[in-house]
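*Asks:* here is my input; please provide its structure:
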Amino acid sequence: MAPGGVLCYSKNFISDIQKDDNLIEEDLVGGFLNAISSFAKEIQGGEIDSLNFRNFNFIYSYDDEFGCMFVLVIDIGDSEEEARIKLELMKNEFMERYREHIKKFSGFVSVFDEFDDFVEENIFIPPKVLLVGEPGVGKTTIMNLFPGETILELDEDLNEIIQKLIDAPDLRNIKKITLREMDLTELVDKSKLYRPLLNSVDAICIVSNSAASNLSRTKNLFSRLKPLVKNTDFYIIANFQDLKEYAFEPNKIEELFEGIITYGYSATENDAKEKFISLLTGILKKSVVEKIEMKQMNPSS
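*Replies:* Residues are numbered from 1 along each chain as shown. As a prediction, the model looks like this:
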């Protein structure tokens, strides 16, 4: 927003609102955010760093040279630290590109439309899916279906959290998904340490090898983990379904886990990658897209 609250640029990644209606909505939001910021300065409260609501956080940053205001709206479960890094990146790039336009700003905002390309590539925070399970259930095999760069995180005890950024077809404007892998026992035993991770993921996929012994241990670990997770959906990936002699069927596993949606799967089949992307897309439609649609229809929920 330019000084005075004029909305120069905005981007909504999820909404299906028609363009004209979207402009009206964004102008209203822009005016509200600017009014709140102005009020805070009037009462000598200083600049607003963030506004926290039940469903969303509004993260603020300011340009000192011209007084422009930048706001990134994130889901309540997203990392504010990660969002602030992206917000500063957006601000710096915008001011570098359009400094001369801002200096001579006359109210015409179409010149900023081309900023979409940068925002789509660099700013959107991809949904996060946590892939957990005991050793030997196929987590790493699933991760290896997606070649490319792997980001490896280490906690205080040097335990590994492996992460990949993968393409997300057929999910509105969501183009990437962050897929993280870690050991289920480690996650449960050190849940306090991993609290920020549990609070930031959109879905937790528990991988099982579909055999009785593993299912029993996994159910026990799940029972300990579930009370610690408030706003994240669980799913079961019943791997090794090709081994018919000892693999329980997905519907039986779903009953064991008290109705948690269960997907039958085999990570070693020729089309394993395509099938995993398909089930991952279904998971995120339920846990991200549909939840956002519900919030848009009923903002007070």
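*Asks:* I'd like the average pLDDT over stretch 110-129.
*Replies:* Averaged across stretch 110-129, the pLDDT comes to 86.
*Asks:* actually stretch 264-283, not the one I wrote
*Replies:* In the prediction, stretch 264-283 has an average pLDDT of 93.
*Asks:* only the buried residues of it, if you could.
*Replies:* Neighbour counts over stretch 264-283 (16 or more other Cβ atoms under 10 Å) mark 264-267, 272-273, 275-277, 279-281, 283 as buried. C-beta coordinates here come from the backbone N, C-alpha and C atoms, glycine included.
*Asks:* can you add secondary structure and distance to Ile166 and give those residues back as TSV?
*Replies:* Converted to TSV, those look like this (DSSP: H, G, I helix; E, B strand; the rest coil; distance: Cβ to Cβ, whole Å):
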residue	secondary structure	distance to Ile166
Gly264	strand	21
Tyr265	coil	16
Ser266	coil	19
Ala267	coil	15
Ala272	helix	14
Lys273	helix	10
Lys275	helix	14
Phe276	helix	9
Ile277	helix	8
Leu279	helix	13
Leu280	helix	8
Thr281	helix	11
Ile283	helix	13
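*Asks:* which one of those residues sits closest to Phe248?
*Replies:* Minimum distance to Phe248 across these is 9.8 Å, recorded for Gly264 (Cβ to Cβ).
*Asks:* and Asn270, backbone torsions?
*Replies:* Listed backbone geometry of Asn270 is phi -60, psi -30, with angles given as degrees, to the nearest 10.
*Asks:* can you pull the contacts of it?
*Replies:* Asn270 makes no contacts at all, as judged by Cβ atoms under 8 Å, 6 or more residues apart in numbering.
*Asks:* a markdown table for the buried residues of stretch 264-283, including distance to Gly138?
*Replies:* Putting the buried residues of stretch 264-283 into a markdown table (distance: Cβ to Cβ, whole Å) gives the following:
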| residue | distance to Gly138 |
| --- | --- |
| Gly264 | 13 |
| Tyr265 | 8 |
| Ser266 | 9 |
| Ala267 | 5 |
| Ala272 | 10 |
| Lys273 | 13 |
| Lys275 | 13 |
| Phe276 | 10 |
| Ile277 | 16 |
| Leu279 | 14 |
| Leu280 | 15 |
| Thr281 | 19 |
| Ile283 | 17 |
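*Asks:* the helices in the stretch 151-300 of the chain, which residues?
*Replies:* Assignment of helices within the stretch 151-300 of the chain using DSSP state H, counting those that start in this stretch yields the ranges 184-189, 195-200, 212-225, 250-256, 272-284, 290-297.
*Asks:* quick one on the thing from earlier: pick the one among the buried residues of stretch 264-283 closest to Asp75.
*Replies:* Taking Cβ to Cβ as the measure, Asp75 sits nearest to Ile283 out of the buried residues of stretch 264-283, at 16.1 Å.
*Asks:* quick one: contacts for the closest one?
*Replies:* For Ile283, the contacting residues are Val129, Ala203, Cys205, Asp233, Tyr235, by Cβ under 8 Å, 6+ apart.
*Asks:* which residues does stretch 59-71 contact?
*Replies:* 1-3, 8, 33-34, 37, 47-51, 58, 72-74, 80, 83-84, 87-88, 90-91, 94-95, 99, 102-103.
*Asks:* now do it: distance to the chain's middle.
*Replies:* 25 Å (Cα atoms, centre = their mean, to the nearest Å).
*Asks:* what of stretch 267-274?
*Replies:* Offset of stretch 267-274 from its chain centre (Cα atoms, centre = their mean): 25 Å.
*Asks:* least reliable of the helices of the stretch 151-300 of the chain going by mean pLDDT?
*Replies:* Here the lowest mean pLDDT among those goes to helix 290-297, at a mean of 69.
*Asks:* domain assignment for this structure?
*Replies:* Taking automatic domain parsing as the criterion, the chain consists of the domains 19-122, 128-297.
*Asks:* out of those domains, flag the one nearest Phe13.
*Replies:* Judged by Cβ to Cβ, the one of the domains of the chain that comes nearest to Phe13 is domain 128-297, at 4.4 Å.
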